[in-house]
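Asks: this is a predicted model, with the sequence first.
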Amino acid sequence: MSEERAYFENLLKKGYPKEDALAYTQKYYPDFTDRLPEPPPPSAFLDEDMNEWPIYHEGGFRLEHLVAESILLAEAMRDTIVEHRQKVMAAVGLVAVLLLAALAMQIPAQLSPLEGDWMKADGEIITFAGQGEYLDRSGYEAEWSLDGNILEVVWVDQPRQGDSTTAFAQSGRVSIEDDGAYMWLRWTSLTVNGEAESPPDTCILLIDANEVSNIPAYVDFAEQNVGRAPSWCID
């Protein structure tokens with residue numbers, strides 16, 4: 001016990017009130033105070049405080065807690081990165097599918113090897129266009145379809161006002177040769193407004209218009225490249 005504290009306690013034992021004992025003691029010992037120092041916290045409080053703030057320990061860091069917290073943070077960041085990467089990859093995949101679909105829509109679909117422009121021996125160009133449209137010098141609206149080697153073409157004459165409509169339907173057999181450079185065609189049936197008629201009894205040689213551009217070129221190509229017509233075409 002310090003000297004000033006002993007003096008103060010002695011005055012109290014002699015019966016001086018606490019206020020008077022404090023005043024007399026501070027008269028001789030100006031820095032004296034009767035306030036006791038703050039006691040240390042109980043052990044339970046220390047444990048609770050340490051659990052609440054696991055990283056700090058007596059003014060410093062607890063290494064094991066710092067490592068544990070770092071591992072948890074790294075795992076959380078890893079999961080976040082993986083999740084975002086999956087979303088990004090899904091978005092990239094969707095964009096790629098849309099781009100491929102758009103590109104496919106820009107590429108015209110070829111209905112069959114028959115599609116394109118073909119020249120007859122008289123120089124007429126017959127066009128088997130996309131979506132089944134057929135064009136020749138007749139000027140009629142016409143459509144075509146090919147099932148295996150059977151060709152069907154339907155022409156419709158759009159008459160003047162007051163006249164009746166005339167529909168022609170022809171069916172024939174085709175054989176496309178030399179990787180599409182030319183083909184043989186023979187009509188086997190003809191109907192006019194539903195009534196059967198005799199089809200033209202000729203075998204027609206059609207040459208790809210990319211190979212020939214006029215009658216002399218047609219004849220030259222036929223002489224050099226076209227083989228014998230199939231038996232069903234000449235019998």
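Replies: Nice, thanks for sending it over. Please read all numbers here as calculations on a predicted model, not as lab measurements.

Asks: would you mind listing the residues in contact with Glu211?
Replies: Glu211 sits next to Ala181, Tyr182, Ala217, Phe221 when contact means Cβ atoms under 8 Å, 6 or more residues apart in numbering. Where C-beta positions appear, they are placed from N, C-alpha and C, glycine not excepted.

Asks: pLDDT averaged over the helix or strand the last one falls within - what is it?
Replies: Counting by DSSP states H and E, the element that carries Phe221 is helix 215-225. In this model, helix 215-225 carries a mean pLDDT of 92.

Asks: quick one: contacts of that helix?
Replies: Contacts made with helix 215-225 from outside it, assessed by Cβ under 8 Å, 6+ apart, are listed as Met119, Ala121, Asp122, Gly123, Asp178, Ala181, Tyr182, Leu205, Ile207, Glu211, Val212.

Asks: thinking again about what came up before, report the buried members of the contacts of Glu211.
Replies: Taking 16 or more other Cβ atoms under 10 Å as the criterion, what is buried in the contacts of Glu211 is Tyr182, Phe221.

Asks: how much space between the residue nearest the centre of the chain and Leu100?
Replies: Taking Cα atoms, centre = their mean as the criterion, Leu94 is the residue nearest the geometric centre of the chain, at 2.2 Å. For Leu94, the distance to Leu100 (Cβ to Cβ, to the nearest Å) stands at 11 Å.

Asks: now Leu11
Replies: Separation of Leu11 from Leu100 (Cβ to Cβ) stands at 101 Å.

Asks: comparing the two, which residue is more hemmed in?
Replies: For Leu11 versus Leu100, neighbours defined as other Cβ atoms under 10 Å are more numerous around Leu11 (17 against 10).

Asks: quick one: residues contacting Leu135.
Replies: By Cβ under 8 Å, 6+ apart, the contact list for Leu135 reads Ile126, Thr127, Ala129, Ala142.

Asks: and if we set it to 10 Å?
Replies: Leu135 sits next to Asp117, Ile125, Ile126, Thr127, Phe128, Ala129, Glu141, Ala142, Trp144 when contact means Cβ atoms under 10 Å, 6 or more residues apart in numbering.

Asks: thanks again, I'm all set now.
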